[in-house]
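Engineer: Using only what follows, build the 3D model:
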Amino acid sequence: MRRSHAGLVIEDEDNEINLTPMLDVVFIMLIFFIVTASFIKEAGIDVNRPDAPTAESVADANILIAISSNDEIWMDRRMIDPRAVRPNIERMHAENPKGSVVIQADKKSTNETLVIVMDAARAAGVYNISLAANN
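Structural biologist: Next comes the predicted model:
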């Protein structure tokens, strides 16, 4: 305690900064960014895509399907049987109804496998289908 010039008693204040509100704000911001972050999904293999000078980038492409050079179909980093493509697309489309299907077909893959995947996507109710290419 100290006395002012008028004789009043003034108590000393704590000069420490309270960090609790700042830590609360930082924690809430961290939770916000984790929840709203969009995670990039990959098909699971590297594909040698063909070149296309008119290729355009597609946003919100959340269902990625890769077709390897020996006609293996990959989704979510695992090889899928051609008969299981439709149920997997239906499941992924139910998780994100606004997402589109992007097929990454290797240059050496056959058109038959590409058509099988495209038909499975359309049968699953997804009509926004794109083919990935290098531009």
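
Engineer: Give me the mean pLDDT for the biggest helix by length in the chain.
Structural biologist: Scanning the chain for the longest helix, with DSSP state H as the assignment, gives helix 20-36. Averaged across helix 20-36, pLDDT comes to 85.

Engineer: pull the CA atoms of that helix into PDB?
Structural biologist: C-alpha atoms of helix 20-36 as PDB (Å, rounded to 0.1, in the frame of the first residue of the first chain):
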ATOM      1  CA  THR A  20      -5.900 -16.800 -20.500                       C
ATOM      2  CA  PRO A  21      -8.300 -14.900 -22.900                       C
ATOM      3  CA  MET A  22      -5.600 -14.900 -25.600                       C
ATOM      4  CA  LEU A  23      -5.000 -18.600 -25.200                       C
ATOM      5  CA  ASP A  24      -8.700 -19.300 -25.400                       C
ATOM      6  CA  VAL A  25      -9.000 -17.300 -28.700                       C
ATOM      7  CA  VAL A  26      -6.000 -19.100 -30.200                       C
ATOM      8  CA  PHE A  27      -7.400 -22.500 -29.200                       C
ATOM      9  CA  ILE A  28     -10.800 -21.700 -30.700                       C
ATOM     10  CA  MET A  29      -9.100 -20.500 -33.900                       C
ATOM     11  CA  LEU A  30      -7.100 -23.700 -34.100                       C
ATOM     12  CA  ILE A  31     -10.300 -25.800 -33.800                       C
ATOM     13  CA  PHE A  32     -11.900 -23.700 -36.500                       C
ATOM     14  CA  PHE A  33      -9.100 -24.200 -38.900                       C
ATOM     15  CA  ILE A  34      -8.900 -27.900 -38.300                       C
ATOM     16  CA  VAL A  35     -12.700 -28.400 -38.800                       C
ATOM     17  CA  THR A  36     -12.900 -26.200 -41.900                       C
END
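
Engineer: next helix or strand past it?
Structural biologist: strand 63-67 (DSSP states H and E).

Engineer: helices or strands up against the helix or strand following that next one?
Structural biologist: Tracing the chain past strand 63-67, the next element assigned as helix or strand by DSSP H and E is strand 73-75. On a contact count with 3 or more CB pairs under 8 Å, 6 or more residues apart in numbering; DSSP states H and E, strand 73-75 meets strand 63-67, strand 78-80, helix 85-95, helix 111-123. Every C-beta, even on glycine, is put in place using the N, C-alpha and C of the backbone.
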